[in-house]
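Student: What follows is a predicted structure for the sequence shown.
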Amino acid sequence: MTQPSSRPVRYIDDDRDLPRFRVNRAAMVDPDVFAREQERIFDKVWLYVGHETELTKPNDFKTRTVAGRPLIFARDRRGVVQVWVNSCPHRGAMICREPAGNARFMTCFYHGWSFDTSGRLVSVPGDTAYGPDFVRPGLAAPPQVDSYRGFVFVSFNPDVEPLADYLAEATEFIDLVCDQSESGMQVLEGTHEYSVKANWKLLVENSYDGYHAVSTHQRYFEMVMASGAELDATALGDSIGVALGNGHAASVGGPNTGGMFGRPLSAAAQAERQGRFESLRGRHGAAWVDRMTGARNLVIFPNLVIIDLVMGVVIRKIDPVRPDYMEVTAWELVPPEEGAELRKQRLDNFLTFWGPGGLASPDDVEALETCQRSFAAHRELPWSDVSRGMVSAVPLGSDELQMRTWWRRWNELVNDEVLPPEPHDPPGDRFRGERLELQDQGTSV
Ligand code: FES
Ligand SMILES: [Fe+2]
């Protein structure tokens, strides 16, 4: 613990009269804050571990780190998704040391204890030495595991609220992504893994920050324009920020937005994508499909990002490691029925725009790392300003309602200070169309 005197009186300055919202930069550097985040956020809420479609066959497994804990994300031999602690109950060695595989039995390399994919200890070398009453310990599991439309979450808090309650209105935005495939969206094999020398909260903010796009990624836009492609600059303005409960929030584009990022798709690929949306209108209703065709950058509190643009859908998991260092994993989510050429163009964008060596992510990493270095002077310049759009009737995607929503939840959990949500007008009808099936369910009883 640091000395009480070194802690600022408040981390969040939420002044509704001015209005002004500020975050104290000590929150980005202080090891005490980092420890409180682990205890009060990561030990308490639901955390994303992976997508069900990453495990295609019985006995498939992936290793994951969630809240610093090594986990095994697996399907057992019956095909049921399981999450295990990747630590041998004998004396602690890591049981799975490969990132992925398929195995009916997992054998600890230290003394050879062996477990099946249901977590049972099935073989102990020389087990007569333990006597007849020895209780064979199985693999440990996080106390709570649940999924929503293929997204699997764990919680290390046995008393956590049900996942669907926790996700609150964010479920609607997950639905807008998942409904894009009739057979179910699928995560492609392969990940982007990179690290950033910056506080993890800076990438959370950046992930739905519409304000930075034109300046930070200027070189990228110049490149696109030099290639002769038309940039639809109005698309940036046609977006709003929405708060979705429990700290979740999104920036959301109107219909047919999200096309200005990434290398433009070919006319044939565009037509295929558009055709699939058309084919979904009967099933989900025009208003819902119109919403589907818009961009969305969604953050599920605290560290799961889903970004859905014309060029592709990315799932991003942000892991705090130290106050000034984070690790990031990203996956591409696709409708399995999309054609080879569209898939190729979207994958190319996943690599060349979002990838660690792409044309966008390195710019963001550079911005975040300079923020972190400058926070060495946080005592001389304590506050970052996050006020943009507080005065707006309906905040835009280029405003900062998303971040304020996240920070207020952070403040509630970390500092026990509850601040009221911001009053704004409801968004226009284009942003509120309901899914046809849901309407039917609501009226058929
Ligand atoms: S630590 Fe795994 S068998 Fe001993
Ligand atoms: Fe960016």
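Tutor: Noted; the coordinates are in hand. Just so it is clear, the structure is predicted and the values come from calculations on it, not from any experiment. Ligands and ions are numbered 1, 2, ... in the order given.
Student: From now on I want contacts and neighbour counts done on CA atoms only, so please keep to that.
Tutor: Will do.
Student: Pick out the residue closest to the middle of this structure.
Tutor: The residue lying closest to the centre of the chain (Cα atoms, centre = their mean) is residue 304, at 1.8 Å.
Student: so how far is residue 353 from that one?
Tutor: 19 Å (Cα to Cα, to the nearest Å).
Student: picking up where we left off before, list the residues that contact the residue nearest to the centre of the chain.
Tutor: With contact taken as Cα atoms under 8 Å, 6 or more residues apart in numbering, residue 304 is in contact with 47, 48, 315, 316, 317, 318.
Student: Report the closest residue of the stretch 301-445 of the chain relative to ligand 1.
Tutor: Nearest to ligand 1 in the stretch 301-445 of the chain, going by Cα to the nearest ligand atom, is residue 321, at a distance of 25.3 Å.
Student: what helices or strands is the helix or strand hosting that residue leaning on?
Tutor: Per DSSP states H and E: residue 321 is located in strand 312-322. For strand 312-322, the elements it packs on are helix 200-207, strand 304-309, strand 325-334, helix 340-349, judged by 3 or more Cα pairs under 8 Å, 6 or more residues apart in numbering; DSSP states H and E.
Student: ok, that strand: who's next to it in the sheet?
Tutor: strand 304-309 (antiparallel), strand 325-334 (antiparallel) (DSSP bridges).
Student: for the stretch 51-200 of the chain, what spans make up the helices?
Tutor: Ranges of helices within the stretch 51-200 of the chain are 163-167, 170-178, 200-207, based on DSSP state H, counting those that start in this stretch.
Student: and what of the stretch 251-400 of the chain?
Tutor: Using DSSP H, counting those that start in this stretch, helices in the stretch 251-400 of the chain cover 267-284, 286-292, 340-349, 361-374.
Student: Indicate which one of these is closest to residue 193.
Tutor: helix 361-374 (11.8 Å; Cα to Cα).
Student: Any figure for the gap between the closest residue to residue 308 other than its chain neighbours and residue 76?
Tutor: Closest residue to residue 308 apart from its sequence neighbours, by Cα to Cα, 6 or more residues apart in numbering: residue 296 at 5.2 Å. Distance of residue 296 to residue 76, given as Cα to Cα: 34 Å.
Student: Over to residue 292?
Tutor: From residue 292 over to residue 76 the distance is 34 Å, taken as Cα to Cα.
Student: Looking at the two now, which is surrounded by more residues?
Tutor: Using other Cα atoms under 10 Å as the criterion, residue 292 and residue 76 rank with residue 292 on top: 25 against 21.
Student: Does that one touch residue 178 like I think?
Tutor: No: here residue 292 does not reach residue 178: they are 9.6 Å apart, not a contact under Cα atoms under 8 Å.
Student: Ligand 1 contacts on the protein?
Tutor: 88, 90, 91, 92, 93, 108, 110, 111, 112, 113 (Cα under 6 Å from any ligand atom).
Student: count of residues packed around the second one?
Tutor: It stands for residue 90. 16.
Student: Now do the contacts for it.
Tutor: Going by Cα under 8 Å, 6+ apart, residue 90 touches residue 113.
Student: Residue 91: how many residues sit nearby?
Tutor: When neighbours are counted by other Cα under 10 Å, residue 91 comes out with 9.
Student: On the pLDDT front, check it for me.
Tutor: Note on residue 91: pLDDT of 98.
Student: And the one 10 residues further on, by the same measure?
Tutor: The predicted local distance difference test score for residue 101 is 97.
Student: Would you check that it makes contact with residue 57?
Tutor: No: using Cα under 8 Å, residue 101 is not in contact with residue 57; the gap is 10.4 Å.
Student: higher neighbour count, those two?
Tutor: Applying other Cα under 10 Å to residue 101 and residue 57 shows that residue 57 carries more neighbours, namely 16 against 13.
Student: just checking, that one touches residue 75?
Tutor: Yes: if you go by Cα under 8 Å, residue 57 and residue 75 touch, sitting 7.2 Å apart.
Student: For PyMOL, write the select line for the buried members of the contacts of residue 304.
Tutor: One line in PyMOL is enough to select the buried members of the contacts of residue 304, burial here meaning 16 or more other Cα atoms under 10 Å:
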select buried, resi 47+48+315+316+317+318
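Student: And the contacts of residue 304, which two are furthest apart?
Tutor: Farthest pair in the contacts of residue 304, by Cα to Cα: 47 and 315, 13.3 Å.
Student: Look up how far residue 198 lies from the residue of the stretch 301-445 of the chain closest to ligand 1.
Tutor: 10 Å.
Student: quick one, which of these two is more surrounded?
Tutor: Neighbours were counted for residue 321 and for residue 198 using other Cα under 10 Å; residue 198 has more, 28 against 17.
Student: That one and residue 136: what is the separation?
Tutor: For residue 198, the distance to residue 136 - Cα to Cα - is 43 Å.
Student: Now do the contacts for the residue lying closest to residue 51 once chain neighbours are set aside.
Tutor: What sits nearest to residue 51 in space, not counting adjacent residues and going by Cα to Cα, 6+ apart, is residue 151, at 4.7 Å. Contact partners of residue 151, counting by Cα under 8 Å, 6+ apart, are 48, 49, 50, 51, 52.
Student: Let's see that with 7 Å instead.
Tutor: For residue 151, the contact set (Cα atoms under 7 Å, 6 or more residues apart in numbering) comprises 50, 51, 52.
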